[in-house]
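> Predicted model and sequence follow; I will ask about them next.
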Amino acid sequence: MCYSGREKTIPLSMKDMPRPVGAPMAERMLKEDETPLFTAKNYVRATCLQEAYDLNQKRANAILGGGCWMKMGARSIGTLIDLSGLDLDQIQEEEDCFTLGAMVTLRQMEAHAGLCRALGPALKKSLRHIVGVQFRNCATLGGTLYSRFGFSDVLTLLLALDCQVQLVGAGLVPLEVYAQQPYDRDVLSHLHIKKNGRKVAYESFRNTQTDLPVLTCALSTDGQTVRTVVGARPGRAKRSSMELALGATEKEVADYLQVLQKELRFDGNLRGSEAYRRHLCGVLFRRALGQLREGM
Amino acid sequence: MKITVTVNGRRYTDEVAPDLMLLDYLRGKGCLSVKRGCETSNCGLCTVHLDGKPILSCSVLAVRADGHVVTTLEGLQQEAAEFGAFLADEGGEQCGFCSPGFVMNVLAMERELQNPTEEEILEYLAGNLCRCTGYQSQMRAIQQYLARKKEVE
């Protein structure tokens, strides 16, 4: 039996379209001029990372992560490169770091006892609002990090920690550098999260449950100073170049916030205005700072 | 590409297009409980189990199911009917369109969580949207179903 494509790819000759035996006539067909979501001509399950990298050098090809975002685009892909046969769906805890493969799902992360222990409640707080369990069983860490979504909760949280991404071509790159780089044809294979005892707190605000966040904020501390990351501004999450003393006075906190709100660029969209986001930044920052000071 | 998938205990080998979604593949196999809803990974209507884990079949390519076990509501009829009775008693299904995906996720939750709290239930089912019930009746049905299961055990 041959399925020649999704119902969406039917329009050219609907009456000639072979249908699976026993299946009803496709319930939803696109109109002649309607654009299909995305199309792919070929599919390759890579046998090694180098093969994936080589295939990905062609602009028409694309690495397949969880596919949740990709399938909503209208891109015509030549070859889908699947990394799912490369054992990249493992989380390994080593003495000084966690190593997560690119195909680890968001649900695996939140269910991993070692990660939960090391990152505390911030890990679950950053993931629990991402649609639902079913979505988090599909979405992959690699897809999320490579895409560097402006609204990414995961990127915001990880930027507050000491992380490096492992790229097949460029090797190890600090996450804060990778987060600001333009998209290229490299392949992300692993993420390393350093185990250095940093405590992290996470806060986000959504207009409604499971929606994309209006703003995300992660703070981490080594016990002395506090590092701040703000995401969904709505641009990519960014780590502030300034740090604040954990025991700073109220005036120092207010001054720090004022400079932080100037340093980071905020913008408006359907979910919130620039001024609203700027104000939220202060609110979420203070909540997270309170958690760090209380020792989580 | 040729794939071999076990759907509700039956093994199928088929040639599929690389961009065929699992949702379309399953409906093509007659699993009409798998509903097409938002197609933006938000509503949970298309929930099926892939190797026992709930996933959104509108967001997973059929090629990804190669070599794996897929279960739809048709494959869990006894459990679904059992929970469905609680849902009906509480008026938890009205138009019923979201019910198959909802039931699939409740059954996945029952296997994954031990004695879930109300907050845990809400969180687990956050990805299943229902535009009729307001969720209160569904919550009552789930809690009564879980309590009954516990009694029986």
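Received the coordinates, thanks. Numbers count the residues shown, from 1 in each chain, chains lettered A, B, ... in the order given.
> how many other residues sit next to whichever residue of chain A sits closest to chain B?
Among all residues of chain A, A:G132 sits closest to chain B, at 1.4 Å; criterion: C-beta to the nearest C-beta. All C-beta atoms are positioned from the backbone trio N, CA, C, and that covers glycine. Applying other C-beta atoms under 10 Å in any protein chain shown, we find 27 residues neighbouring A:G132.
> For the stretch 151-296 of chain A, list the residues in contact with chain B, please.
Contacts of the stretch 151-296 of chain A with chain B, taken as C-beta under 8 Å from any C-beta of the partner chain, map to A:209-210.
> which stretches of the stretch 151-296 of chain A aren't confidently modelled?
Residues of the stretch 151-296 of chain A meeting the criterion pLDDT under 70: A:296.
> separation between the closest residue to A:L37 other than its chain neighbours and B:L23?
Leaving aside its sequence neighbours, A:L37 sits nearest to A:K71 (C-beta to C-beta, 6 or more residues apart in numbering or on different chains; 5.7 Å). Taking C-beta to C-beta, to the nearest Å as the measure, A:K71 falls 10 Å from B:L23.
> How about A:E263?
45 Å.
> ok so, going back, neighbours around the residue nearest to A:L37, how many?
22.
> Neighbour count for A:E263 and B:L23, which is higher?
Applying other C-beta under 10 Å to A:E263 and B:L23 shows that B:L23 carries more neighbours, namely 25 against 13.
> how far out from the middle of the chain is stretch A:255-272?
Put simply, stretch A:255-272 sits 21 Å off its chain's centre (C-alpha atoms, centre = their mean, to the nearest Å).
> shared neighbours, A:K71 and B:L23?
B:C58 (C-beta atoms under 8 Å, 6 or more residues apart in numbering or on different chains).
> mind checking how far B:F102 is from chain A?
Distance, B:F102 to chain A, by C-beta to the nearest C-beta, to the nearest Å: 11 Å.
> my bad, B:E112
Counting by C-beta to the nearest C-beta, the separation of B:E112 from chain A is 8 Å.
> need the contact list for that residue.
If you count contacts by C-beta under 8 Å, 6+ apart, B:E112 has them with B:Y124.
> where do the helices sit along the stretch 1-150 of chain A?
A:49-56, A:106-111, A:113-119, A:121-127, A:133-138, A:141-147 (DSSP state H, counting those that start in this stretch).
> Same check on chain B?
Ranges of helices in chain B, per DSSP state H, are B:22-28, B:77-89, B:99-112, B:118-124, B:136-152.
> Tell me which residue is most central in chain A.
With distances taken as C-alpha atoms, centre = their mean, the residue of chain A nearest its centroid is A:T144 (2.9 Å).
> ok, and the closest non-adjacent residue to that one?
Nearest non-adjacent residue to A:T144, counting by C-beta to C-beta, 6+ apart: A:V154, 5.0 Å away.
> The one you found against A:L141, yeah?
Yes: between A:V154 and A:L141 there is a contact under C-beta atoms under 8 Å: 7.1 Å.
> which neighbours do these two share?
Listed contacts common to A:V154 and A:L141 are A:L106; contacts here mean C-beta under 8 Å, 6+ apart.
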